Structure formats: structure tokens, C-alpha cells
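Asks: show me the folded form of this:
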Amino acid sequence: MELLSDADVLRRLVAFDSTSANSNLPIADFICDYLDRPGARIVRNASPDGGKTNVVALLGPEGGDAGRQGLVLSGHMDVVPAREPEWASDPFTLKETETTYVGRGTADMKGFLALAMNAFHRAAATPLRSPLALVFTYDEEVGTIGARHFVSTWPGPTLPRSALIGEPTALRVVRMHKGHLKMAVRLRGKSAHSGYPHLGKNAIETAGRVIVALTELRRELEAERPAQAEHFPDVPFVPLNIGTIHGGAVVNIVPDRCVLEIGLRLLPTMSADAMLERLRGALGRVAPAEELELEVLGQSPPLFLDAGAEVHEAACALIGQTDSCSVHYASDAGWFQTLGLECILFGPGSIEVAHRPNEFVPKAEFHAAPAVLDRLIARFCR
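Replies: Predicted coordinates:
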């Protein structure tokens, strides 16, 4: 496939409706075809049902870990839905203004994918001393599912230690983020005719007590300042959110079920297992065990990278950044660090416009980022 400009690659990527509810195989096919060139090794890491896939593209020497030198550039291929009526243009057709590129995923994060793909092409023009790897994932937006699958199934080769994940950070280097622990609280009652309530057990009433207990726990968490809290000054605690509640069937039946979905955002170095035990203790005080089930729906681990890590110092030096940055959302980096990768987040665009109608990436950031990627590749791979 012929080499396209960065903007044209972005245009092609945006045109794929890679909303998480859809298969990502069409966009993955395009990416694989575009990256396939002499010296490149393309590997697909399929989802369990085969309907989606992670994509890995490799350049440079094979065999051994060579001290795990080299660089990983990573991003996710999926996007959130674009059903908002406020869209001023087709969200899956790239719109260009004087200062922006507009379309679903331009910031989060097809803008970065386009830049990484062309950086890969440029890197292939000269021999590399250490590997360059692109790792593009599926279903990040619904719980970093593709990354979790990748770390549990990737057979090799060993990836370079230094990794850059292209989340929209407005070209700031980020070394910390919170995790996201999502759970369902399932409450069991006993159905009965509403005219004979004594014959049943109302699961929604039990849910009322559970909501009170969760609210009390939320207030406790808000008053605490765990380790690393100073790096998250806007929200220096673990937020707990009761996101949904569903229960009952019709108004004249005592409801025998009710389900609440809740989320907690753990700070770096916090234990998910310890938080789950604390949650079970709070719920156990208001509902007996036989009426309550706590199910983990998804987990995206927090990210913490030492400020002295080589990739952090190198990226900060390139852009003149002297402080440490953190964000409150989760990313694939939380899972990749379990493979021993040292991860930073860095990419064009802002999280403030991601997931919103008329999402855009500023042209100034989009066109400034390639120089940073090229210099990092030169530093870590040549």
C-alpha cells in the first residue's frame, strides 16, 4: 500500500466505525495492510471468539530480549459511540477546519495511531539496532479488554521495556493514572403478589440499604489520603460511583432481584483485592450473604512509573517538561506494566474533548508530535 500523509491516514482510520460494539477486523485489516512492508513482521492476537484482534507490528532485530532495548508505541483501535445529536458533521468522515481535524476518535486516539503508523514506515527506511513495536488493541473503551487479553496470551517475542501509549495528553508526558474497578452488586429477594407482600422479599428495599452503605463508604474514601494522593490534587482519593440500578418487573409483583453497577478508581499502588474486601465488609453489614453477590465486571489497573525511568526522562527532555503529570482515567498502560513495560502516556489532543460530540485534535499538536516520536525512536532503536 502506498505511503499516505499523516492526515490521510487519519482520514482513513476515522472512516471505520470501530465503535466497541462492532468487530474491529475491518480497521485491523487496513492497519496490517498499511504496515506490511519488507522487514516488518505483523502478528494478530485474536480475541477468544475471533471477532476482534489486537495487532502487533515489529521492526528490527529478532531473537532474545537483548536487555529489552527498543521502544513500544501503543494505542487502541476502538472508539466510543457517536450518537449525540450535537454533531455538526458526520462523525466518521474527517472534517478539516483551519486549526483542527474533527471526527470520532481524532483525539482518542486515531490521531496517534496515524502518527505511529507513519513513524513505523519512516523507521523502516534505515536499519535498527533495537526493536520497534506497534501494539494496537481492541476494546480499550469498554474496560481495557484487549490489553488484558494480550498480556495473558502473548507468546512473544519479548517486547521492549520502554513504551509510549498515545492517549490524548495535549503532548504532556504522563507517568501515573488511576485504575478503574467495575462491579455489579446483585441482590436476591423472593417474588410474590404485591397484595401479599409478607409472602415475598423485596430486593429493591434491600438495595436501598445497600445504597446507604455505599454512600457512607464513599464519604469515608473521600476523607482519606492514600499513598500517591499528592499526585492527584483535583481528586486525591478513591472515587466511588453508583452508576446504574435495575430491578423489578411490574408494579404489582414484589421484586425478587435488583442489580447495582458501581465503579471505584484506585490510586497507583493500591490493592484491588483489599478494596474488594472492604466493600464486602460494608455490604455485609446491611444484607445477608445469601441475598447478595458481588461480581467484578472489569478491572483496569492503575499506572505508576518512577520519574527516573529512561523513557520518562527522555520524553520529558525532548519537550522541555520538568514536572510529573497524572490523569484520572485508566488506560492500557495499567495492564502493559504487568509485562514489565515502563509506560508513559503521550499524544495529541485533549481528554476534555474525547467522548464528546465534535471531537477534534488540534492541527498544531498533530503536526508537532511526529518529531517527538521520531526522536524517541532514534534514541531507543538506533
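Asks: who are the contact partners of residue 343?
Replies: 163, 164, 165, 303, 305, 311, 333, 336, 337 (CB atoms under 8 Å, 6 or more residues apart in numbering). C-betas here are computed from N, CA, C, even on glycine.
Asks: residues touching the third one, list them.
Replies: Listed by CB under 8 Å, 6+ apart, the contact partners of residue 165 are 74, 75, 331, 332, 333, 336, 343, 344, 345, 346, 347.
Asks: now swap in the fourth one and tell me
Replies: Residue 303 makes contact with 175, 176, 177, 179, 268, 330, 331, 333, 334, 337, 343, 345 under the criterion CB under 8 Å, 6+ apart.
Asks: could I get the full set of helices for the stretch 251-382 of the chain?
Replies: 272-284, 310-319, 333-336, 363-381 (DSSP state H, counting those that start in this stretch).
Asks: and those helices: which comes nearest residue 47?
Replies: helix 333-336 (14.7 Å; CB to CB).
Asks: report the rounded mean pLDDT for the closest one.
Replies: Helix 333-336 carries an average pLDDT of 98.
Asks: and it, how far from the chain's centre?
Replies: 9 Å (CA atoms, centre = their mean, to the nearest Å).
Asks: closest one to residue 60 among the helices of the stretch 251-382 of the chain?
Replies: Among those, if distance is taken as CB to CB, the winner is helix 363-381, at 6.2 Å.
Asks: that closest one to helix 310-319, inter-axis angle?
Replies: Relative orientation of helix 363-381 versus helix 310-319 (axes from the mean of the first three to the mean of the last three CA atoms, to 10 degrees): 130 degrees.
Asks: tell me which residues of helix 363-381 are tucked away?
Replies: Of all the residues in helix 363-381, those buried under the rule 16 or more other CB atoms under 10 Å are 363, 365, 366, 369, 370, 372, 373, 376, 377, 379, 380, 381.
Asks: which regions of the protein sit below the pLDDT cut-off?
Replies: Applying pLDDT under 70 to the chain flags the ranges 63-67.
Asks: circling back to that earlier point, out of the contacts of residue 165, flag the one nearest to residue 1.
Replies: Out of those, the member with the shortest distance to residue 1 (by CB to CB) is residue 75, at 19.3 Å.
Asks: nearest residue to that closest one other than its sequence neighbours?
Replies: Closest residue in space to residue 75, ignoring its immediate chain neighbours: residue 166 at 4.4 Å, by CB to CB, 6 or more residues apart in numbering.
Asks: could I get the helices of the stretch 251-382 of the chain as TSV with distance to residue 197?
Replies: Formatted as TSV, the helices of the stretch 251-382 of the chain follow (distance: least, CB to CB, whole Å):
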stretch	distance to residue 197
helix 272-284	24
helix 310-319	61
helix 333-336	46
helix 363-381	60
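Asks: which one of those helices lies nearest to residue 91?
Replies: helix 363-381 (17.7 Å).
Asks: what's the longest helix in the chain?
Replies: Assignment by DSSP state H gives helix 203-223 as the longest helix of the chain.
Asks: what about residue 267, distance to residue 235?
Replies: 10 Å (CB to CB, to the nearest Å).
Asks: of the two, who's got more company?
Replies: Comparing residue 267 with residue 235 by neighbour count (other CB atoms under 10 Å), the higher total belongs to residue 267, at 24 against 13.
Asks: show me the contacts of residue 303 that map onto strands.
Replies: 176, 177, 343, 345 (DSSP state E).
Asks: lovely, talk soon.
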